[in-house]
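Peer 1: Could you look at this predicted model? Sequence included:
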Protein chains: 2
Amino acid sequence: MTDLHQKITGFDLWHLSLPVVSRRDHGIGTVEGACEIVVLRLTAEGGATGWGEAAPWSVFTGSPEAALAALDRYIRPHVVGHRVSDTAAIMARAQTCVAHCTEAKAALETALLDLAGRIANLPVWALLGGKARNTIPLSVSLANPDWDADRALIGRITDDGVGIVKLKAGFADHAFDIMRLEALARDFPDLDLRVDFNQGLDPFDAIRRVRDVAAFKPTFIEQPVRAHHHALMADIRAAIDVPLLADESVFGPEDMVRALREGIADGVSVKIMKSGGLQRARSVAQMAGAAGLSAYGGDMFEAGLAHLAGAHMIAATPEITLGCEFYQAKYYLAEDILESPFPCAGGHVQVPDGPGLGIRPDPARLKHYARNA
Amino acid sequence: MTDLHQKITGFDLWHLSLPVVSRRDHGIGTVEGACEIVVLRLTAEGGATGWGEAAPWSVFTGSPEAALAALDRYIRPHVVGHRVSDTAAIMARAQTCVAHCTEAKAALETALLDLAGRIANLPVWALLGGKARNTIPLSVSLANPDWDADRALIGRITDDGVGIVKLKAGFADHAFDIMRLEALARDFPDLDLRVDFNQGLDPFDAIRRVRDVAAFKPTFIEQPVRAHHHALMADIRAAIDVPLLADESVFGPEDMVRALREGIADGVSVKIMKSGGLQRARSVAQMAGAAGLSAYGGDMFEAGLAHLAGAHMIAATPEITLGCEFYQAKYYLAEDILESPFPCAGGHVQVPDGPGLGIRPDPARLKHYARNA
C-alpha cells in the first residue's frame, strides 16, 4: 500500500553558486560568472526524499537570499510535520506566509511532488493529470554581447538538432539588434526565430522599434516594455502582425486575469518560478488556452532540477504549445547538478518516465557548489 | 560652503529584533513577540552620517532577510563611492537592481536624505520642497484579539490627546467586528473611527460584510479584500457611501495608475515601505490629489526612525490629509531605538525642525537589539 499519509520529517537546504560559461545580457540585467540557486530536499518519515529548486534572478523575481530565508524560516513550519498527501493545503499556506519569493514556492511544490512520486512510484506528470506529450521542442536563447560567440553557439546547437532560437534584444543599441536579425535571416533562415526584449525598450519609441523587429517575422516578440506598462503592451500588440508574448507582466493567475481583460498579449511565457509552483503555472496556461492565447515554457537561470519540474508541468499541460527554453543545464552551466544529464535529444526535451522527477541531484555536486556548506 | 558633492564611504547595517508589548491580529497575519527591522547608516567622506530604516513585514512586503540582502549585496555597490548629491540617480539604480524589497529602498532614500540634511544643516522636509504642515493627526490601531486590552489602550491614548483610532477587522469572525464597532459607537462616540480589513474578507460575501461595517459610518474603510481583487474593490466602493481606501492594492505610482483607471478607491494609504522611498510615496499622494482622491499616512511595524522619515514626507506632501498612524514607537514597541522620543503631543506628530531627520538612533540600543551583531 502506497502511503502518502506519512509525515514530512526532513527539510534541508543548499544555496549553490554554479559557474556559467559566458556573459548574457538582457533588457533588465546581465548574468555573468555564476548563477545562484537554492535546492530543497524533503524527507518523509519512511525515508523517501523529494527535491526541488528555486532559481531566483535578483532583478526579476528576487534574490537567492530572499528565497533561502523564505524556505528556511517562513515556509518550513508549514511543511515539517505535515503529511505528504496534503500538497495543496501546504501550498496554500506557503503562498501567503511570505510575500513574493515565488521561486521558493516553486521549489517547495516541486519537492512535494517529487516526494509523492517517489513514494507512489509514479512520475510527477502522472500526479498532474497525465501526459499530453512525450517531448518538448527546445529553444536556446542568444544573449551574448559577443555576437561571434553566439554564432558559434548556433553551430553547436543546430548540430544537436535544436531548431529554435530566441534572440535577446534591447540590451544594447537598436542597430545591434537589427544587425543580428539580418544575420540570422541571411545565414540561418531555417531556424524558428523568436525575439525577447526582457522589458528593455524605452516606452517613448518602443512601438517603432518593435515594428522594425516585427519586419523580420519572428514567431513571437516577448515583453518589449516594463512589466507594469500594460496599456503600452496592448498598443504594441495592436501595432504589429507578429504575436506578442507577455513574460514579466504575468507572474501568476491573478496577473493573467488582468492580461486577458486588457488584451496585452497573444501568448504568455509560463514559468514555475514566476507563478510560485507547478499548479499555478498550469492555471496560467489554462487561462491562456481558454481565451485563445498561446503559451510558452519559459524559465529563469535554472539548473537541471528546475528544468525537470518545468518539463513535467509542460508534459501535463497541453496548452503550452510553443516549446520550452530549458537549455541552461546543457548549454550554459559549466556543470549541472543532476546525477545524469537533463534529457535532451534531437532538439527536444525528453519527458522522464521514472518515479518523481525521474532524476536526482548529485550530492557531491551540491556539496561542491554550496555557499552555505 | 555646504559640500553635497562629497562621496559616500560608509555603509553599515543592523538587523534588529524589537520586542513588542502585545499581540496584534490582521487580515493577512499576526504580529507577536517582536518586530524585525533593518537599520542603515551611511557615512560621507567628511564624516557626516545619515540613517534609514527598513520595516518589512514578511506577509506584506517581504522578509527582513530579503531587505538585509537587498541593501548589503545588491544596493550597496550603487551607493558606496557615489556622491551625496546624486540621490535621485542612486535611487533610480536601486529601484531596478533588485526586485521587490521596497522597504530596503525606503531605508536607502531615508538615509541619503538624512545625510544630505545633516551636511546642509536642513531638515529632510526642506529637501523635499518645504513644509505644508507642522503637525500630523495621529491614529492608533486597535488590533488586539483581546478587546479588553484594546479598551485599556483607548483610555491611555485618549488621555494623551489621540482622537483617531483604526479598528483592525476581518481577522476573527464578523460578530467580533460588529461587537467592537457597537462598543466604540456606544462608549467612545467622540473618536474619529476608521476600519481596516487588511485584505481579510472572503470575496464571496465581502460586500455584505463591508455594508454592515459601513452602517457605523467610519471615516473610511480600508482594503477589505486581497490586493489583486481590483474589480471587487471597485464593486465594494460602488456599494457603500463610506469612502474606501486602498492599501495593499497600491504599492507605488505604477499601481496608482491602475487604481485610478479602474476606480478602486476614494483614497490611498501612502507608505514609504510600499512605494520604495519618500519621493515615490509623494508621487502616489500627488496622483491621488490630482484625481480627487484623499491620502492617508500609513505605516508598517516601524520603529521611530521610519516614523521620522514618514513624518518629513507627509509634512512636505499637502495631499496627505487623513493623518498618520505612526504610533508604534510610542505605543507598541517595548522600547524604541531613537535617542529621544519620536515627537507626539496632543494627539499629533510634531514634525522635527532639526537637521536631517532631526533625531538619530541610540547606538547602544542598536547594539542591544541586533540579531547580526
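Peer 2: Alright, I've got the coordinates. In this text, all values refer to a predicted model and were calculated from it rather than measured experimentally.
Peer 1: Name the surrounding residues that touch stretch A:72-84.
Peer 2: A:4-11, A:13, A:42, A:44, A:89-90, A:93-94, A:97-98, A:101, A:104-105, A:108, A:112, A:115-116, A:119, B:58, B:63, B:65 (CB atoms under 8 Å, 6 or more residues apart in numbering or on different chains). Any C-beta I mention is one placed from the backbone N, CA and C, and that applies to glycine too.
Peer 1: In helices, which of these appear?
Peer 2: A:89-90, A:93-94, A:97, A:104-105, A:108, A:112, A:115-116, A:119, B:65 (DSSP state H).
Peer 1: Got a ChimeraX select line for the buried ones in those?
Peer 2: Selecting the buried subset of these in ChimeraX, with 16 or more other CB atoms under 10 Å in any protein chain shown as the burial test, is done by:
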select /A:90,94,97,104,105,108,112,115,116,119 /B:65
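Peer 1: And the furthest pair within the ones in helices among the contacts of stretch A:72-84?
Peer 2: Taking CB to CB as the measure, the ones in helices among the contacts of stretch A:72-84 span a maximum distance of 31.9 Å, between A:Ile119 and B:Glu65.
Peer 1: Contact residues of the stretch 251-373 of chain A facing chain B?
Peer 2: Of all the residues in the stretch 251-373 of chain A, those in contact range of chain B (CB under 8 Å from any CB of the partner chain) are A:254-255, A:257-258.
Peer 1: Out of those residues, list just those in strands.
Peer 2: Judged by DSSP state E, those include no members of strands.
Peer 1: could you dump the residues you listed to JSON lines with pLDDT and neighbour count?
Peer 2: JSON lines is the format used below for those (pLDDT from 0 to 100; neighbours: other CB atoms under 10 Å in any protein chain shown):
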{"residue": "A:Glu254", "pLDDT": "97", "neighbour count": "18"}
{"residue": "A:Asp255", "pLDDT": "97", "neighbour count": "21"}
{"residue": "A:Val257", "pLDDT": "96", "neighbour count": "16"}
{"residue": "A:Arg258", "pLDDT": "96", "neighbour count": "17"}
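Peer 1: which residues does the closest residue to A:Thr9 other than its chain neighbours contact?
Peer 2: Excluding the flanking residues, the one nearest A:Thr9 by CB to CB, 6 or more residues apart in numbering or on different chains is A:Glu45, at 5.0 Å. Contact partners of A:Glu45, counting by CB under 8 Å, 6+ apart, are A:6-9.
Peer 1: Quick one: buried ones out of the residues you listed?
Peer 2: Judged by 16+ other CB under 10 Å, buried ones among those: A:6, A:8.
Peer 1: and which of the contacts of A:Glu45 is nearest chain B?
Peer 2: Nearest to chain B among these is A:Ile8, at 21.7 Å by CB to the nearest CB.
Peer 1: pretty sure the closest one contacts A:Gly46?
Peer 2: No. Using CB atoms under 8 Å, A:Ile8 is not in contact with A:Gly46; the gap is 10.6 Å.
Peer 1: So for A:Val98, what's the nearest residue that isn't a sequence neighbour?
Peer 2: Leaving aside its sequence neighbours, A:Val98 sits nearest to A:Tyr74 (CB to CB, 6+ apart; 3.9 Å).
Peer 1: give me the number of residues near that neighbour?
Peer 2: Using other CB atoms under 10 Å in any protein chain shown, A:Tyr74 has 19 neighbouring residues.
Peer 1: quick one, phi/psi of the residue positioned nearest the centre of chain A?
Peer 2: Nearest to the geometric centre of chain A sits A:Asp299, at 1.8 Å (CA atoms, centre = their mean). The phi/psi pair for A:Asp299 (degrees, to the nearest 10) reads phi -150, psi 180.
Peer 1: before we move on, what about A:Gly252?
Peer 2: A:Gly252 adopts backbone torsions of phi -130, psi -170, taken as degrees, to the nearest 10.
Peer 1: Can you tell me how far the nearest residue to it once chain neighbours are set aside is from B:Ala172?
Peer 2: Spatial nearest neighbour of A:Gly252, chain neighbours left out: A:Ser275 (4.6 Å); criterion: CB to CB, 6+ apart. Distance of A:Ser275 to B:Ala172, given as CB to CB, to the nearest Å: 31 Å.
Peer 1: ok, these two, which is more surrounded?
Peer 2: Remark: of A:Ser275 and B:Ala172, A:Ser275 carries more neighbours, 27 against 15, as counted by other CB under 10 Å.
Peer 1: As a check, name the ranges of all strands in the stretch 51-200 of chain A.
Peer 2: Taking DSSP state E, counting those that start in this stretch, the strands of the stretch 51-200 of chain A run over residues A:135-137, A:139-142, A:164-168, A:192-196.
Peer 1: Point out the most buried one among those strands.
Peer 2: Highest mean neighbour count among those (mean count of other CB atoms under 10 Å in any protein chain shown): strand A:139-142, with a mean of 25.
Peer 1: what's next to that one, contact-wise?
Peer 2: Under the contact criterion CB under 8 Å, 6+ apart, strand A:139-142 has outside partners A:24, A:150, A:153-154, A:157, A:162, A:164-168, A:180, A:192, A:194, A:196, A:323-325, A:327, A:331.
Peer 1: With adjacent residues omitted, what lies nearest to the residue of the stretch 251-373 of chain A found nearest chain B?
Peer 2: At 4.0 Å from chain B, A:Glu254 is the closest residue in the stretch 251-373 of chain A, using CB to the nearest CB. Nearest residue to A:Glu254 in three dimensions, chain neighbours excluded: B:His228, at 4.0 Å (CB to CB, 6+ apart).
Peer 1: residue contacts, the one you found?
Peer 2: With CB under 8 Å, 6+ apart, B:His228 has these contacts: A:254-255, A:257, B:249.
Peer 1: mind listing what's buried in stretch A:146-157?
Peer 2: The neighbour-count check on stretch A:146-157 (16+ other CB under 10 Å) flags A:150-151, A:153-154, A:157 as buried.
Peer 1: Using PDB, write down the CA coordinates of it.
Peer 2: Extracted in PDB, the C-alpha atoms of stretch A:146-157 (Å, rounded to 0.1, in the frame of the first residue of the first chain):
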ATOM      1  CA  ASP A 146      29.800  38.900 -28.300                       C
ATOM      2  CA  TRP A 147      27.800  38.000 -31.400                       C
ATOM      3  CA  ASP A 148      30.600  35.800 -32.800                       C
ATOM      4  CA  ALA A 149      30.300  33.700 -29.700                       C
ATOM      5  CA  ASP A 150      26.600  33.400 -30.200                       C
ATOM      6  CA  ARG A 151      27.200  32.400 -33.900                       C
ATOM      7  CA  ALA A 152      29.400  29.600 -32.600                       C
ATOM      8  CA  LEU A 153      26.700  28.600 -30.200                       C
ATOM      9  CA  ILE A 154      24.200  28.400 -33.100                       C
ATOM     10  CA  GLY A 155      26.500  26.000 -34.800                       C
ATOM     11  CA  ARG A 156      26.800  23.800 -31.800                       C
ATOM     12  CA  ILE A 157      23.000  23.700 -31.000                       C
END
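Peer 1: quick one: the helices in the stretch 201-350 of chain A?
Peer 2: With DSSP state H, counting those that start in this stretch as the criterion, the stretch 201-350 of chain A has helices at A:206-214, A:230-239, A:253-262, A:272-275, A:278-290, A:304-315, A:328-331.
Peer 1: List the buried residues in the fifth one.
Peer 2: In other words, helix A:278-290. Residues of helix A:278-290 classed as buried: A:278-289 (neighbour count, 16+ other CB under 10 Å).
Peer 1: Sketch out the low-pLDDT regions of chain A for me.
Peer 2: Along chain A, segments meeting pLDDT under 70 span A:1, A:372-373.
Peer 1: Is A:Leu18 located within a strand, as I assumed?
Peer 2: Yes. Assigned with DSSP: H, G, I helix; E, B strand; the rest coil, A:Leu18 falls within a strand.
Peer 1: need the contact list for A:Pro137.
Peer 2: Under the criterion of CB under 8 Å, 6+ apart, the neighbours of A:Pro137 are A:163-164, A:323-324, A:347-348.
Peer 1: Kindly tell me how buried the residue nearest to it when sequence neighbours are not counted is, as a neighbour count.
Peer 2: Spatial nearest neighbour of A:Pro137, chain neighbours left out: A:Gly323 (3.5 Å); criterion: CB to CB, 6+ apart. Residues lying near A:Gly323 (other CB under 10 Å) number 23.
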